[in-house]
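1. Take a look and give me a structure for this.
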Amino acid sequence: MRLIGLTGGIASGKSTVSRHLESEGLPVVDADKVARVALDKNTWGWKRVVAAFGEGILRQDGEVDRAKLGEIIFNDPAKRGMLNRALQPCISLGLLYEVFKHWIRGTSVVIMDIPLLFEMKMNYLTNPVVVVWVDRTTQEARLTKRDNSTIEQARARIDSQLPLDMKREMADYVIDNSGTLEDTKMHVDKLKAIITGPQTWKEIALSRFGVAAIVAVAVAFVLRLR
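-> Alright, predicted model coming up:
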């Protein structure tokens with residue numbers, strides 16, 4: 001099975017690329033969706049976050065007040081780090097579980113849509129790593145328009161993440177999303193042609209069918225020795 005790491009930055013257009021790949025029939029494991037589930041009441045992630053931030057972040061029904069938690073971590077790098085440390089193990093396990101389900105089904109290519117791909121060290125499990133990049137000016141303009149925020153607020157949110165230029169340097173494939181939507185779709189179509197190409201022997205061996213074949217050969221070999 002081939003795992004594709006897809007990442008970017010806020011307002012870079014990563015979600016647009018992810019949706020286009022999904023519309024083309026490629027399965028997507030979305031870290032944001034896994035993260036939302038990880039924070040549901042009485043889950044492991046919920047318990048870790050409540051232990052870190054206290055019961056003051058809970059609503060009356062016991063669920064985490066996500067808006068309140070967001071306000072706490074927004075301009076506080078230390079608190080944001082606390083949240084990441086609390087949730088990342090839970091999110092990582094959730095992502096691996098989703099990948100396992102695709103492995104069981106015999107899926108050949110899976111897109112791992114993970115905003116914090118490098119920060120979570122999940123890039124070591126994916127190949128290639130795809131970064132959706134835009135220049136800083138475009139990123140700021142899109143974010144202020146999308147969220148109706150000030151330029152100072154937009155810059156604070158962008159600066160809270162690993163710089164896109166740094167992510168671009170670590171990428172195997174870069175989608176420049178500074179242009180039009182049609183330009184982006186053209187880049188995505190080129191990417192699809194690359195990632196859906198013939199699999200390597202290692203990818204085949206680690207697939208469900210490859211593992212089954214290896215086990216079958218090993219069992220047959222052992223039976224012959226008896």
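2. CA atoms for contacts and neighbours, from now on please.
-> Noted.
3. Summarise which helices and strands the helix or strand harbouring residue 82 is packed against.
-> Following DSSP states H and E, one finds residue 82 within helix 77-105. If contacts are counted by 3 or more C-alpha pairs under 8 Å, 6 or more residues apart in numbering; DSSP states H and E, helix 77-105 sits against strand 28-30, helix 31-38, helix 44-53, helix 66-74, helix 208-225.
4. quick one: buried residues of it?
-> 79-80, 83-84, 86-88, 90-92, 94-95, 98-99, 102-103 (16 or more other C-alpha atoms under 10 Å).
5. average pLDDT for it?
-> Across helix 77-105, pLDDT averages out at 92.
6. Beyond that helix, next helix or strand please.
-> Going down the chain from helix 77-105, the next helix or strand is strand 109-113, by DSSP H and E.
7. Taking helix 77-105 as reference, get the angle to that next one.
-> Counting by axes from the mean of the first three to the mean of the last three C-alpha atoms, to 10 degrees, strand 109-113 points 170 degrees away from the direction of helix 77-105.
8. After strand 109-113, which helix or strand is next?
-> Sequence order places strand 129-133 as the next helix or strand after strand 109-113, per DSSP H and E.
9. Point me to the helix or strand that includes the nearest residue to residue 127 once chain neighbours are set aside.
-> Leaving out its chain neighbours, the residue that sits closest to residue 127 by C-alpha to C-alpha, 6 or more residues apart in numbering is residue 4, at 5.4 Å. According to DSSP H and E, residue 4 maps onto strand 2-7.
10. Could you tell me the angle between that strand and strand 129-133?
-> Angle, strand 2-7 to strand 129-133, by the same axes, to 10 degrees: 30 degrees.
11. Convert the C-alpha atoms of strand 2-7 to PDB, please.
-> Taking Å, rounded to 0.1, in the frame of the first residue of the first chain, the C-alpha atoms of strand 2-7 are listed here in PDB:
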ATOM      1  CA  ARG A   2       1.200   3.500  -0.900                       C
ATOM      2  CA  LEU A   3       0.700   6.200   1.700                       C
ATOM      3  CA  ILE A   4       0.800   9.800   0.300                       C
ATOM      4  CA  GLY A   5       1.600  12.600   2.800                       C
ATOM      5  CA  LEU A   6      -0.400  15.700   2.100                       C
ATOM      6  CA  THR A   7       0.200  18.900   4.100                       C
END
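12. average model confidence for it?
-> Per-residue pLDDT over strand 2-7 has a mean of 96.
13. which helices and strands sit right next to it?
-> Here strand 2-7 touches helix 14-23, strand 109-113, strand 129-133, going by 3+ C-alpha pairs under 8 Å, 6+ apart.
14. Buried deepest among those, which one?
-> Highest mean neighbour count among these (mean count of other C-alpha atoms under 10 Å): strand 129-133, with a mean of 26.
15. How many residues are close by the residue nearest to residue 127?
-> With neighbours defined by other C-alpha atoms under 10 Å, the count for residue 4 comes to 20.
16. thought it was touching residue 108?
-> No - counting by C-alpha atoms under 8 Å, residue 4 sits too far from residue 108 to count as a contact (10.8 Å).
17. dump the residue contacts of the nearest residue to residue 165 once chain neighbours are set aside.
-> Spatial nearest neighbour of residue 165, excluding adjacent residues (C-alpha to C-alpha, 6+ apart): residue 133 at 7.7 Å. Residue 133 is in contact with 8-9, 12-13, 164-165, 168, 174-178, counting by C-alpha atoms under 8 Å, 6 or more residues apart in numbering.
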